[in-house]
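1. Would you be able to build a 3D model of this:
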Amino acid sequence: MSRCKLLLRIPMTVLSPLLTMALFAAACNGDGTDDTPTDTVGQPADTMTEDESREDGSENGTSAGSDDMVEATNIEALFFPIFRPEGDLIAEQVREVSGFENTVLLGADGLLSDDFLALPQSEGMYFSGPDLRYGSNTNEATGKTPEAFLVNYERFYDESPSAGFWGHSYDATTILLDAIEAASTVDGDQRLVIDRAGVRQYFDELRNYSGITGSLSCDTFGDCGAQKIAIIHHTDSNDVSASKDNVNYEFAGNAGVRSDDAIQSELPLGDGSLGVVVVVPGEAIQIRSLQIISGDNAPLGLTNERAIRMAVEDFGEIRGFEVEVGPGLDDLCSADGGQAAAQTIVADERVVGVIGTSCSGAAVAAAPLLTEAGITMVSSSNTSPSLTSDLKGNPGENYTRGYYRTAHNDLFQGEAMARFVYESLNLKTAAAIHDGDPYTQGLAEAFANAYRDLGGEIVQIEGISKGDTDMVPVLTSIAAAS
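-> The predicted model follows:
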């Protein structure tokens, strides 16, 4: 905070008028301005708005010059990358806690849905998530562009996608279908024989796949996404669409980029090591969608599942055999939900691949069961680093062979938010809240580590429990730590 603005926070009754005038002149160059430098390193020149470098975060609370302002907290930014309904409650209750009147509030893709953005308490927040400015990208399997997809989506469902991973879901599905085609043959009895190991081999060798979300290449641990992050500023709960387009910052990571040349293995792929799936004439190839399709976070999963079904329809038959998604399964955004759904899928030996889960916490339980059964799993919205790698050549603690994703790795999302807060908003102290979920805790820690590396101070990282409704104690604890 600048010296001039710090002086303005001192109640006028504390100082004599003459002393106040003298101090003000010395600190503020006599005209209300000062010579404190503003750090603008890393800001995207074409996308920053008029609030690009706010030192005191006054837009989100009482003005810095208010006569009745309480003593300010040292926490200039609060990042809570969690889900609903806990995110709703933090945003609603944070201003009730002394010291958070001017703190800038930050969320992530777990809250970045139309339903949350429509809440009045979400106004003024910044959100990180996938960069949806796909331009003229084209999915190489179907020829669909983002614009064509959205036109069809709105025609089929009478609304726009309410969550951000629709493009990732579409791409994940077409890659899986391409993999099945590359790993299959039609035998003498006109049966389709699909090599399970060949499906995985296709992902392992994937290089520069043209998708709606960009160019996709899989690294050693299953990160295949384009790794493009955007940060938006939400200003009007009555105009959600405008806020989603209000990009203030962009960031591109480098995971998924392979330096080796594209591999062109002889088709069909596979060595039979994981067994085969045989589809007889008249039957369909079986894949499954495993998403969060109930509760407060259903918009995320329903958007994903709709995109999956649209991709299957656009892709068409594989060697004369139809593809069937089957009934949508619910991961409940929890380990228990992921495990129960995975057990249902594994019981059906016809299933070749699964697009899911929506939530990283569900994937931690589902992935080992599915991959052990030889089923290829590809997620469009899991982002926890624990599911793939630390981006330094080490597998994550929950990595399993046969798991892939088209979503970004949260080590990049955490860095993107940290750089935006520290370099573009010029805020030097922050805190974070998570709920212990692999997604929320992983992203909070990724943000904190990157923020510290930049020189920022993390005052505190606090955990809550899913189902908590009173957020005042945890917020009070953070305020006290400052």
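2. tell me the SS of the closest residue to Glu76 other than its chain neighbours?
-> Ranked by CB to CB, 6 or more residues apart in numbering and with sequence neighbours excluded, the top spatial neighbour of Glu76 is Leu427, at 3.9 Å. Glycine gets a C-beta too; all of them are placed from N, C-alpha and C. Of the three states, Leu427 takes coil under DSSP: H, G, I helix; E, B strand; the rest coil.
3. Next up, phi/psi of Leu427, please.
-> Main-chain dihedrals, Leu427, degrees, to the nearest 10: phi -100, psi 130.
4. got the contact list for the closest residue to Asp437 other than its chain neighbours?
-> In space, and not counting its chain neighbours, Asp437 is closest to Gly361: 4.5 Å by CB to CB, 6+ apart. Taking CB atoms under 8 Å, 6 or more residues apart in numbering as the criterion, Gly361 is in contact with 333-335, 338, 437-439.
5. Now the buried members of these.
-> The neighbour-count criterion (16 or more other CB atoms under 10 Å) marks 333-335, 338, 437-439 among those as buried.
6. picking up where we left off before, what's the closest of the contacts of Gly361 to Asn208?
-> Lowest distance from Asn208 to the contacts of Gly361 (CB to CB) belongs to Tyr439, with 28.1 Å.
7. My read is that that closest one contacts Ser386, right?
-> No. The pair Tyr439 / Ser386 is not scored as a contact, 9.2 Å apart, by CB atoms under 8 Å.
8. Identify the contacts common to these two.
-> Contacts common to Tyr439 and Ser386, judged by CB under 8 Å, 6+ apart, are Ser360.
9. thinking again about what came up before, export the buried ones among the contacts of Gly361 to CSV and tack on secondary structure?
-> Formatted as CSV, the buried ones among the contacts of Gly361 follow (three-state DSSP):
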residue, secondary structure
Cys333, coil
Ser334, coil
Ala335, helix
Gly338, helix
Asp437, coil
Pro438, helix
Tyr439, helix
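10. Put together a markdown table for the residues you listed, with pLDDT and distance to Ile461 on each row.
-> Shown next, in a markdown table, are the buried ones among the contacts of Gly361 (pLDDT from 0 to 100; distance: CB to CB, whole Å):
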| residue | pLDDT | distance to Ile461 |
| --- | --- | --- |
| Cys333 | 96 | 22 |
| Ser334 | 96 | 22 |
| Ala335 | 97 | 22 |
| Gly338 | 98 | 25 |
| Asp437 | 93 | 14 |
| Pro438 | 95 | 15 |
| Tyr439 | 96 | 15 |
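11. Out of the residues you listed, which comes closest to Thr376?
-> Thr376 has its nearest neighbour among the buried ones among the contacts of Gly361 in Gly338, at 16.2 Å by CB to CB.
12. tell me the contacts of the closest residue to the closest one other than its chain neighbours?
-> The shortest distance from Gly338 to any non-neighbouring residue, by CB to CB, 6+ apart, is to Ala362 (3.1 Å). Residues near Ala362 by CB under 8 Å, 6+ apart: 290, 292, 331-335, 337-338, 341, 356.
13. and what of Gln93?
-> 470-472, 475.
14. which SS state does it fall under?
-> For Gln93, the secondary structure call by three-state DSSP comes out as helix.
15. how near is it to Phe156?
-> The gap separating Gln93 from Phe156 is 38 Å, by CB to CB, to the nearest Å.
16. What of Ala373?
-> Here the criterion is CB to CB. By it, Ala373 lies 32 Å from Phe156.
17. and if you look at Val276?
-> Taking CB to CB, one finds Val276 at 34 Å from Phe156.
18. any weak-confidence spans in the stretch 151-300 of the chain?
-> 255-262 (pLDDT under 70).
19. how about the strands in the stretch 1-150 of the chain?
-> Remark: strands assigned in the stretch 1-150 of the chain by DSSP state E, counting those that start in this stretch are 77-79, 104-107, 126-130.
20. Can you name every helix or strand that the shortest one contacts?
-> In terms of contact count using 3 or more CB pairs under 8 Å, 6 or more residues apart in numbering; DSSP states H and E, strand 77-79 is assigned the packing partners strand 104-107, strand 429-434.
21. show me what contacts Ile464?
-> Contacts of Ile464 (CB under 8 Å, 6+ apart): 82, 86, 433-436, 471, 474.
22. I misspoke; the intended subject was Ser241.
-> Ser241 touches Ser160, counting by CB under 8 Å, 6+ apart.
23. so which helix or strand takes in it?
-> Using DSSP states H and E, Ser241 sits in helix 240-244.
24. Now the element after that helix, going C-ward?
-> Taking DSSP H and E, what comes next after helix 240-244 is strand 247-252.
25. which parts of the helix or strand just after that following strand are buried?
-> Using DSSP H and E, the next helix or strand after strand 247-252 towards the C-terminus is strand 276-279. Of the residues in strand 276-279, 276-277, 279 count as buried by neighbour count, 16+ other CB under 10 Å.
26. which one of the residues you listed sits closest to Thr235?
-> Val277 (50.6 Å).
27. so how far is Ala182 from the closest one?
-> Here the criterion is CB to CB. By it, Val277 lies 14 Å from Ala182.
28. repeat for Gly282
-> Taking CB to CB as the measure, Gly282 falls 23 Å from Ala182.
29. With Thr103 instead?
-> 51 Å.
30. which of those two has more neighbours?
-> Ranked by neighbour count (other CB atoms under 10 Å), Thr103 and Ala182 place Thr103 first, with 29 against 20.
31. Burial check on the residue nearest to the more buried one when sequence neighbours are not counted, number of neighbours?
-> Sequence neighbours aside, Leu78 is the residue nearest to Thr103 in space, at 5.1 Å (criterion: CB to CB, 6+ apart). Applying other CB under 10 Å, we find 26 other residues in the vicinity of Leu78.
32. So Leu78 is in contact with Leu427, correct?
-> No. Counting by CB under 8 Å, Leu78 does not reach Leu427; the two are 10.4 Å apart.
33. anything in contact with each of these two?
-> Val104.
34. Just list the residues touching Gly135, thanks.
-> Pro146.
35. ok, now how distant is Phe80 from Ala118?
-> 18 Å.
36. Looking at the two, which one has more neighbours?
-> A direct count of neighbours by other CB under 10 Å for Phe80 and Ala118 places Phe80 higher, at 29 against 13.
37. burial count for the residue nearest to that one when sequence neighbours are not counted?
-> Setting aside the residues directly before and after it, Phe80 is nearest to Ile433 in space (CB to CB, 6+ apart), at 4.2 Å. By the criterion of other CB under 10 Å, Ile433 has 24 neighbours.
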